[in-house]
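J.: whatever this is, show me its structure:
(chains A and B)
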Amino acid sequence: MSNSWQREIKAIVRKEIASEIRTKSGLATVGLFSLASVVAVAFSAFNITLGGSLASGLLWVTLLFSAAVALPRAFVTEEEQGTGDLLRLIARPEAVFWGKALYNLLLMLATAVVLSVLFFTLVGKGIDIPWLYAVCLIGSCASLAGTVTLCGALVAQASGRGALAGAIAIPLLLPLVALGVAGMRVALGEGVLKGGEEAAVGLVCYGVATLAIGPALFAAVWKS
Amino acid sequence: MLFALVVGATTVWSLLVPDALDKFQVPQLARIFFYHFPCAIITSIFLFIGPYMAIRSLIAKTPEWDVRSAASNEIGFVFGLLTMSTGMLFSKVQWGAWWQWDPRQTSFLLVLLLYSGYFVLRAAFSDETKRAANSAAYGVVMALPSLFLIFVFPRLPQVANDSFHPTTTIQKGLLVGDYLHVTLTMLVLFTVLSAWLYKLRVQAGMAEIALENLNGNLETRGGHPAPTGVVRPVHLSEQDREEAKER
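T.: Down below sits the predicted model:
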């Protein structure tokens, strides 16, 4: 990757972080949403010992909805504040996508770590295979960041974009739930290791594929 | 006319084949396979055609490819619904429940959700250019999860053993005699039907665009273009204003 590309991508990521530090609205929204959803899950599982499959399923549902709420904001706020046109003038579309996706990946990783700590503390469950859990979490976050960033870009100029981003992103992410749950349940002590490893590889591949085709598709719609 | 005759004859033929007595709660209902299987195959074919048309639409950026892309997803969605409804009917009679989270049923439901996302996204744009570009991009993104759901997910060892849905009937040569011949004939007929519906949908879409362009070019009495979608100020004479004040 040439220096000019790196400069553009770094500039977009720095801009996202700076505007987030200034407003703190994204972190506050996703933080409160994650906390509320984990408390709701732990509350509804009150006095029930969760098995690996159910625990990984519930954790994935909270991850999925946190991503659907938080990540589309990256493009939606640009259009709402009228800064999208400036971005179109100063940066290449692929660099904009990569910058936004990287920022969303960082936000999603932070969210996933906080969610996991809260979830396992509140439901009183341990992780049996930490490395598998970490790989599944990173693969999940990459897939979520790639897919939801692209969906955010697709709906940014549409009417009713707030709810629309989640509505079109969730069907795209549902296959990931199958892979994520299959991997995480093994990490939480249920099922055979081989199945968990295959699911983790599937998650990482899905994330790589999404992040690879994302810039090309984004370039086709960004300036239309 | 010839097509309608062949469809009628094949339908009669499908009713005349002997009942499948083995393994069926209601042997007569085994005939639903003649309709369920071709619909599933047509949906799977349109899962490839849809992304192809979407890529062509992104490259060409013309209304024609956008219409083709939307039409292929619409036809895929309709045949997906038919697959789902015939499968649910069979499931109720054979296994006692309309819905049982069978991996095949679930994967088809998720594919229909993906199609729904595509149509919702199209409906959210009033600008034709943006609608075409954004929905085509979504159509391409849909390809990866759709193909995973149809071809990979139901075959995963974790879920394949929990499925009632037969998957290897044809490969094992269990479909023989009249059942095989009727199924193949139905498959050909459904393929022709889907191609014909697709062609009609594209023609209707192109006619809509032509009509919109025609309306846009129509001249009003004053010689200005027709104000489609734009509310223009209305000129009031002095007399009209006086009358409005009096009211």
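J.: name the next helix or strand following the lowest-mean-pLDDT helix or strand in chain A along the chain.
T.: Here the helix or strand of chain A ranked lowest by mean pLDDT, DSSP states H and E is helix A:73-81, holding a mean of 77. Using DSSP states H and E, the next helix or strand after helix A:73-81 towards the C-terminus is helix A:84-90.
J.: roughly how far apart are the nearest residue to B:Ile75 once chain neighbours are set aside and B:Val78?
T.: Nearest residue to B:Ile75, sequence neighbours excluded (CB to CB, 6 or more residues apart in numbering or on different chains): B:Tyr198, at 5.1 Å. The way it works is simple: take the backbone N, C-alpha and C, and place the C-beta from them, glycine included. According to CB to CB, to the nearest Å, B:Tyr198 and B:Val78 sit 10 Å apart.
J.: CA atoms only: put stretch A:111-125 into PDB for me.
T.: What follows is stretch A:111-125, C-alpha atoms only, in PDB (Å, rounded to 0.1, in the frame of the first residue of the first chain):
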ATOM      1  CA  THR A 111     -17.500  -3.100  22.500                       C
ATOM      2  CA  ALA A 112     -17.000  -6.900  22.200                       C
ATOM      3  CA  VAL A 113     -14.400  -7.000  25.000                       C
ATOM      4  CA  VAL A 114     -16.600  -4.900  27.300                       C
ATOM      5  CA  LEU A 115     -19.700  -7.000  26.400                       C
ATOM      6  CA  SER A 116     -17.800 -10.300  27.000                       C
ATOM      7  CA  VAL A 117     -16.500  -9.200  30.400                       C
ATOM      8  CA  LEU A 118     -19.900  -7.900  31.500                       C
ATOM      9  CA  PHE A 119     -21.700 -11.000  30.100                       C
ATOM     10  CA  PHE A 120     -19.500 -13.600  31.700                       C
ATOM     11  CA  THR A 121     -19.500 -11.700  35.000                       C
ATOM     12  CA  LEU A 122     -23.200 -11.400  35.100                       C
ATOM     13  CA  VAL A 123     -24.200 -14.900  34.000                       C
ATOM     14  CA  GLY A 124     -21.300 -16.500  35.900                       C
ATOM     15  CA  LYS A 125     -19.800 -18.500  33.100                       C
END
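J.: which strands or helices does the longest helix that chain B contains pack on?
T.: Taking DSSP state H as the criterion, chain B has its longest helix at helix B:177-217. Judged by 3 or more CB pairs under 8 Å, 6 or more residues apart in numbering or on different chains; DSSP states H and E, helix B:177-217 is in contact with helix B:2-16, helix B:33-60, helix B:63-95.
J.: gap between the residue sitting furthest away from the middle of chain A and A:Val123?
T.: The outermost residue of chain A relative to its centre, with distances by CA atoms, centre = their mean, is A:Asn47 at 30.2 Å. For A:Asn47, the distance to A:Val123 equals 11 Å [CB to CB].
J.: what of B:Ala136?
T.: 43 Å.
J.: the more surrounded of the two?
T.: B:Ala136 (31 against 19; other CB atoms under 10 Å in any protein chain shown).
J.: tell me the SS of that one?
T.: helix (DSSP: H, G, I helix; E, B strand; the rest coil).
J.: distance-wise, check it relative to A:Ser19.
T.: B:Ala136 is 30 Å from A:Ser19, by CB to CB.
J.: in stretch A:84-101, what counts as buried?
T.: Buried residues in stretch A:84-101, counted by 16 or more other CB atoms under 10 Å in any protein chain shown: A:84, A:87, A:91-101.
J.: okay, the residues you listed in TSV with distance to chain B and pLDDT next?
T.: Converted to TSV, the buried residues of stretch A:84-101 look like this (distance: CB to the nearest CB, whole Å; pLDDT from 0 to 100):
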residue	distance to chain B	pLDDT
A:Gly84	13	79
A:Leu87	17	82
A:Ala91	19	83
A:Arg92	17	86
A:Pro93	12	85
A:Glu94	14	87
A:Ala95	18	87
A:Val96	15	88
A:Phe97	11	89
A:Trp98	16	90
A:Gly99	18	90
A:Lys100	15	89
A:Ala101	14	89
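J.: among those residues, which are located in helices?
T.: Applying DSSP H to the buried residues of stretch A:84-101, the entries found in helices are A:84, A:87, A:93-101.
J.: just confirm B:Ala132 contacts B:Arg56, I think it does.
T.: No. Using CB atoms under 8 Å, B:Ala132 is not in contact with B:Arg56; the gap is 11.3 Å.
J.: neighbour count for the two, which is higher?
T.: Neighbours per residue (other CB under 10 Å) separate B:Ala132 from B:Arg56, with B:Ala132 holding more: 26 against 17.
J.: which residue is the nearest non-sequential neighbour of that one?
T.: Per CB to CB, 6+ apart, closest to B:Ala132 is B:Asp66, 3.8 Å.
J.: let me see the contact set for that neighbour.
T.: By CB atoms under 8 Å, 6 or more residues apart in numbering or on different chains, the residues touching B:Asp66 are B:57, B:128, B:131-132, B:135-136.
J.: any idea how far A:Ala74 is from it?
T.: 27 Å.
J.: quick one: B:Phe164 is in a helix?
T.: No. Using three-state DSSP, the assignment for B:Phe164 is coil, not a helix.
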